[in-house]
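>>> Sharing a model prediction with you, sequence too.
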4 protein chains.
Amino acid sequence: MGEQDMSGQDMSGQIVKIVGIGGSLRSDSYSQLALAIAAQRVQALGASVEILDLRQLTLPFCDGGDDYSDFPDVARMQQAVKAADGLILATPEYHGSLSGVLKNALDLMSFDELSGKVAGLISVLGGQSNSNALNDLRVIMRWVHGWVIPEQIAVGQAWKAFDANGNLVDDKLSERFDQFAQSLVENTRKLRSVAV
Amino acid sequence: MGEQDMSGQDMSGQIVKIVGIGGSLRSDSYSQLALAIAAQRVQALGASVEILDLRQLTLPFCDGGDDYSDFPDVARMQQAVKAADGLILATPEYHGSLSGVLKNALDLMSFDELSGKVAGLISVLGGQSNSNALNDLRVIMRWVHGWVIPEQIAVGQAWKAFDANGNLVDDKLSERFDQFAQSLVENTRKLRSVAV
Amino acid sequence: MGEQDMSGQDMSGQIVKIVGIGGSLRSDSYSQLALAIAAQRVQALGASVEILDLRQLTLPFCDGGDDYSDFPDVARMQQAVKAADGLILATPEYHGSLSGVLKNALDLMSFDELSGKVAGLISVLGGQSNSNALNDLRVIMRWVHGWVIPEQIAVGQAWKAFDANGNLVDDKLSERFDQFAQSLVENTRKLRSVAV
Amino acid sequence: MGEQDMSGQDMSGQIVKIVGIGGSLRSDSYSQLALAIAAQRVQALGASVEILDLRQLTLPFCDGGDDYSDFPDVARMQQAVKAADGLILATPEYHGSLSGVLKNALDLMSFDELSGKVAGLISVLGGQSNSNALNDLRVIMRWVHGWVIPEQIAVGQAWKAFDANGNLVDDKLSERFDQFAQSLVENTRKLRSVAV
């Protein structure tokens, strides 16, 4: 299939839109650092990325209802996610799972926003790496009929994973971010194409 | 072993203290109904129960830090849980996992409060019953070195599970609550005993 | 887009090849029935399907090694899966997870065969439906860098799910098999396409 | 409380009986090494331990039925587990879960053998440690109404974890085996006591 055909067929020439959400409210958050690195690499591949920084949004606790009109950031988040093709979800691993902060943000959305989206998952831990938070997130994203790419990243011992400029110290880990970005952009393009 | 010996030996004559936490903020929450029923039956077996209603506590989102002095309900929750022998955790299943509200409450605590506690788990769903939220909670409680009793309860199609007085409609489900309460009280007593 | 265009564009004219593996050795296995139904619907959409019936293969227990030359069915299974684009994995839920029989068959394969494959998951239960086996399979397939479609099927109370001819009794469940087959064929085509 | 009192009170003077099952068939299995170390330490605390070495038992694949009279080792395994108070389950982590070999052995048993037992879980990995196999085993053991102690062990990079004599190289890991054994024996005694 020629490239000229491709651009017209799969996503009508549109750029892949990725929204990144970080599940930590810490001021010096390693999750947000990891998210920023992933976002950079996704952009370098020609996708657009919007970061929703939960530290800057005013979100309520989900009460199981639909009316969050007192909190305009709920609608803002919902619209950004709804308009996206793919997601990067980055979370600290707290108590062997994703943060309540990130789960609550996801609880404020539903199939309308999340169904059919292609997600890449990142977790950040103080101790040895583990995939508990990633496993829980994977099942959660499936529950809302989303896709999750196989390339997931758990950053263990996060306190020594980044240098003073917020760059990754370990080259192998950096390569994993490259593969993550590559897979997210390429497979979002494939899965979101209308007619292959 | 006679009862008089027991009281002196296992828990120094103290009553088993259970704290219940419900993970829903809905005003007409089925999780809170289920929690109330479990609490009643646990009390009927001679244990004390304190319900921490998250709708009445003012908790912040966990920011990964230790200082929540602006929110006295954090310390109140921590102290109640720390003083407890066992826990009942009741959550709505949102997106195939526990609610962000409950996870955030757990994130505000740590080993100090949760380690060694004996927990019973309940989930409440709108659709068919499922054990996703219960599985995630089980792994979370282990992560903080807690125990989880095998008798767990998933209340499916919650909208038809309770009558107008908040009682369970189905006798078999009601029996499961009896077994849940029996196991929680008996095994908390055993596991919390100092010297068996 | 017409069928003639499609066949020439996405996968260089190749038909999507699906291999189905059933994780039950029971002679009257409901998993095998469910697998057969899924296979039929996948074929009706133009894909080819080969069923690997573990009841007819002679597989050893995996001993962690590489040499299974005494069991030619190991190589046969490996080659069939390696040549496939996608998989249907159907398992009875035993003790809240997939069958050891199916896990052992997967243990006999590795990245060579499984990486990059697109899988659809089905579980069959005697009691109420549950997604434990499906969740475990989802994490397992990711571990070998496979994809899993969001549309998964748990057939609860399998003893009353099929009629005497092996057809599904419930229309809604039948629709889920249609959506499952549709998603598996369409998304395997997309994800396996070389250049979108 | 003195030791002489203890022996007479909790379990009617009976010694805690532990059965260990290793989920690897490799001749130089690290899981079996880890199991042997755990067994030694459990014995040092006064419990009895019987190891069921699956390399020496002739077990069939579970076919979902009840009649395994052609394989007397099935009954032998069932009887040993049924007579036990607690279990040590040690598995290699294959493809992000327990081995099919171990799952199949568990599939050959049921509530009769497994319900109420207190289990300690160990996994062994070639790469970085992870708790996927342990999580799956935890949910499986709960499914059959067993208990699982919080102290679980994942031995990462197993090829460098043991010295030539099969002893643990790392002192911190060795301490974890001590805590594991301590918890398993003590809490099995508590949970299996008739009247606390």
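In hand now; what should we look at?

>>> could you pull out the strands for chain A?
A:17-22, A:48-53, A:86-92, A:118-124, A:147-148, A:153-155 (DSSP state E).

>>> near chain B, anything from the fourth one?
No: contact between strand A:118-124 and chain B, assessed by Cβ under 8 Å from any Cβ of the partner chain, is absent, since the two come no nearer than 10.5 Å. C-beta: built from backbone N, CA, C; applies to glycine.

>>> Does that strand reach chain C?
No: Strand A:118-124 does not reach chain C (Cβ under 8 Å from any Cβ); its nearest approach is 10.0 Å.

>>> partners of that strand, with directions?
Here strand A:118-124 has these sheet partners by DSSP bridges: strand A:86-92 (parallel), strand A:147-148 (parallel), strand A:153-155 (parallel).

>>> CA atoms only for it, dumped as CSV, please.
Extracted in CSV, the C-alpha atoms of strand A:118-124 (Å, rounded to 0.1, in the frame of the first residue of the first chain):
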residue,chain,number,x,y,z
VAL,A,118,-5.2,2.8,23.0
ALA,A,119,-3.2,3.2,26.3
GLY,A,120,0.4,2.9,27.3
LEU,A,121,1.1,2.3,31.0
ILE,A,122,3.9,3.4,33.2
SER,A,123,4.4,2.8,36.9
VAL,A,124,7.1,4.3,39.2
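
>>> what angle sits between it and strand A:17-22?
Orientation check (axes from the mean of the first three to the mean of the last three Cα atoms, to 10 degrees): strand A:118-124 against strand A:17-22 gives 20 degrees.

>>> circling back: tell me the most buried of the strands paired with strand A:118-124?
Ranked by mean neighbour count under mean count of other Cβ atoms under 10 Å in any protein chain shown, the strands paired with strand A:118-124 are led by strand A:86-92, which reaches a mean of 27.

>>> I'd like to check the angle between that one and strand A:48-53, please.
Going by the same axes, to 10 degrees, strand A:86-92 makes 30 degrees with strand A:48-53.

>>> any idea how far strand A:86-92 is from the chain center?
Here the centre of strand A:86-92 is set off from its chain's centre by 3 Å, with Cα atoms, centre = their mean, to the nearest Å.

>>> show me where chain A has helices.
Assigned by DSSP state H, chain A shows helices spanning A:3-9, A:30-44, A:72-83, A:100-107, A:111-114, A:132-143, A:171-192.

>>> quick one: low-confidence ranges for chain A?
Along chain A, segments meeting pLDDT under 70 span A:1-13, A:195-196.

>>> Could you pick out the residues of it near chain D for me?
So far as Cβ under 8 Å from any Cβ goes, chain A lies against chain D at A:96, A:128, A:129, A:130, A:131, A:132, A:135, A:156.

>>> Stretch A:74-90: which residues count as buried?
A:74, A:77, A:78, A:80, A:81, A:84, A:85, A:86, A:87, A:88, A:89, A:90 (16 or more other Cβ atoms under 10 Å in any protein chain shown).

>>> and which of those residues is nearest residue C:44?
Taking Cβ to Cβ as the measure, residue C:44 lies nearest residue A:85 of these, at 29.7 Å.

>>> Contact partners for the closest one?
For residue A:85, the contact set (Cβ atoms under 8 Å, 6 or more residues apart in numbering or on different chains) comprises A:11, A:16, A:17, A:18, A:117, A:118, A:188, A:189, A:192.

>>> Swap in 10 Å and give it another go.
A:11, A:14-19, A:47-48, A:116-118, A:184-185, A:188-189, A:191-192 (Cβ atoms under 10 Å, 6 or more residues apart in numbering or on different chains).

>>> roughly how far is stretch A:140-152 from the heart of the chain?
11 Å.

>>> Only the C-alpha atoms, please, for that stretch, written as PDB.
C-alpha atoms of stretch A:140-152 as PDB (Å, rounded to 0.1, in the frame of the first residue of the first chain):
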ATOM      1  CA  ILE A 140      -9.300  -1.400  34.300                       C
ATOM      2  CA  MET A 141      -8.600  -0.100  30.800                       C
ATOM      3  CA  ARG A 142     -10.100  -3.300  29.300                       C
ATOM      4  CA  TRP A 143     -13.100  -2.900  31.500                       C
ATOM      5  CA  VAL A 144     -13.900   0.400  29.700                       C
ATOM      6  CA  HIS A 145     -13.200  -1.400  26.400                       C
ATOM      7  CA  GLY A 146      -9.800   0.200  25.800                       C
ATOM      8  CA  TRP A 147      -6.700  -1.300  24.400                       C
ATOM      9  CA  VAL A 148      -3.400  -1.500  26.200                       C
ATOM     10  CA  ILE A 149      -0.100  -1.900  24.300                       C
ATOM     11  CA  PRO A 150       2.200  -4.800  25.500                       C
ATOM     12  CA  GLU A 151       5.100  -2.500  26.000                       C
ATOM     13  CA  GLN A 152       4.700  -1.300  29.600                       C
END
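
>>> Tell me the spatial nearest neighbour of residue A:123, not counting adjacent residues.
Using Cβ to Cβ, 6 or more residues apart in numbering or on different chains and skipping the chain neighbours, the partner closest in space to residue A:123 is residue A:133 (4.2 Å).

>>> if I read this right, the one you found contacts residue A:139, doesn't it?
No: between residue A:133 and residue A:139 there is no contact under Cβ atoms under 10 Å: 11.3 Å.

>>> Counting neighbours, go ahead and name the busier of those two.
Using other Cβ atoms under 10 Å in any protein chain shown, the more surrounded residue of residue A:133 and residue A:139 is residue A:133, with 27 against 20.
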